[in-house]
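Q: Here is the input, now give the coordinates:
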Amino acid sequence: MSVELLTKFLMVLFGYAMPALECFKAVEQRTGRTDQLRFWCQYWIILVLLVIFDEIAGALTSRIPMYYELRLAFLVYLWYPQTRGTDIVYETFVRPLVMQYEPNIEERLRYLRANAGDLIVFYLRNFTDKGYEVFLRVLDYVRSQASSGSKTRRFFSFRGDRAERPSFLDDDYVPGGDRRGVARQRRPRGGDY
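A: Numbers count the residues shown, from 1 in each chain. A predicted model of the protein is given here:
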């Protein structure tokens, strides 16, 4: 098992699965302990910001040595009971930053919600137009390769010189004959063997 695969497995286990279970338990508590629910909501907010950062800066983060191991350690730091890093990171970095830009974020989200149908239609239309264009280019390329006498065309051609096509048959094969030679004879039907 490679180190990268093990790290990703541990990140899924300790970064997503275990906190999700803890969040589920906090939501399902009937006693009204909102401090646990608040803690896990803060954790998920930080995690989403981290995932967004990874998606945007993926090419840069892949070049940082031991980035995924550091990320795993950070995720454990966030929820570990002795450190409770979620409270520190949320109150120090996330809350002030989001509070500063919250009106602007809300305005943009309202615009996106109002125009979601138009945006979907726009992207679908562009995708189908571009996809159709790319498909036609690929077909044109394949046709040009086939008409230029490529090896693929000669291999799959049913015309042309037999020497151009590879032979998959035995050298001693005779059309209409039997591969095992003349030694095999037809047995009479019935019980006379």
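Q: In which helix or strand does I88 reside?
A: Using DSSP states H and E, I88 sits in helix 85-89.
Q: Could I get the buried residue list for that helix?
A: Neighbour counts over helix 85-89 (16 or more other CB atoms under 10 Å) mark G85, T86, V89 as buried. Just so you know, the C-beta spots here come from the backbone N, C-alpha and C atoms, and that holds for glycine as well.
Q: does the first one really touch E91, like I thought?
A: No. The pair G85 and E91 does not pass the contact test of CB atoms under 8 Å, sitting 10.7 Å apart.
Q: which of the buried residues of helix 85-89 lies closest to E55?
A: For these, the minimum distance to E55 (CB to CB) is 19.3 Å, reached by V89.
Q: distance of the closest one from R33?
A: According to CB to CB, to the nearest Å, V89 stands 22 Å off from R33.
Q: rewinding a little: can I have the helix holding I88 written out in PDB, keeping just the CAs?
A: What follows is helix 85-89, C-alpha atoms only, in PDB (Å, rounded to 0.1, in the frame of the first residue of the first chain):
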ATOM      1  CA  GLY A  85      -8.500  23.800  17.200                       C
ATOM      2  CA  THR A  86     -11.800  24.500  15.500                       C
ATOM      3  CA  ASP A  87     -12.700  27.100  18.100                       C
ATOM      4  CA  ILE A  88      -9.300  28.900  17.600                       C
ATOM      5  CA  VAL A  89      -9.300  28.700  13.800                       C
END
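Q: C-terminal to that helix, what's the next element?
A: Scanning forward in sequence from helix 85-89 by DSSP H and E, the next helix or strand is helix 95-114.
Q: give me the number of residues near the closest residue to I45 other than its chain neighbours?
A: Excluding its sequence neighbours, the residue lying closest to I45 (CB to CB, 6 or more residues apart in numbering) is V94, at 6.3 Å. If you count neighbours by other CB atoms under 10 Å, V94 ends up with 15.
Q: V94 and L49 touch, don't they?
A: Yes. In this structure, V94 is within contact of L49 by CB under 8 Å, at 6.7 Å.
Q: Can you pull the phi/psi pair for S62?
A: For S62, the backbone dihedrals are phi -70, psi -20 (criterion: degrees, to the nearest 10).
Q: Quick check: the gap between it and L47.
A: S62 sits 19 Å away from L47, going by CB to CB.
Q: Who has more neighbours out of these two?
A: Neighbours per residue (other CB under 10 Å) separate S62 from L47, with L47 holding more: 17 against 10.
Q: host element of that one?
A: L47 belongs to helix 34-56 when elements are defined using DSSP H and E.
Q: do the same with L6
A: With DSSP H and E as the test, L6 turns up in helix 3-11.
Q: what helices or strands is that helix leaning on?
A: Packed against helix 3-11, as judged by 3 or more CB pairs under 8 Å, 6 or more residues apart in numbering; DSSP states H and E, are the following elements: helix 67-79.
Q: now the helix it packs on, how far from the centre of its chain.
A: Computed by CA atoms, centre = their mean, to the nearest Å, the chain-centroid distance of helix 67-79 equals 22 Å.
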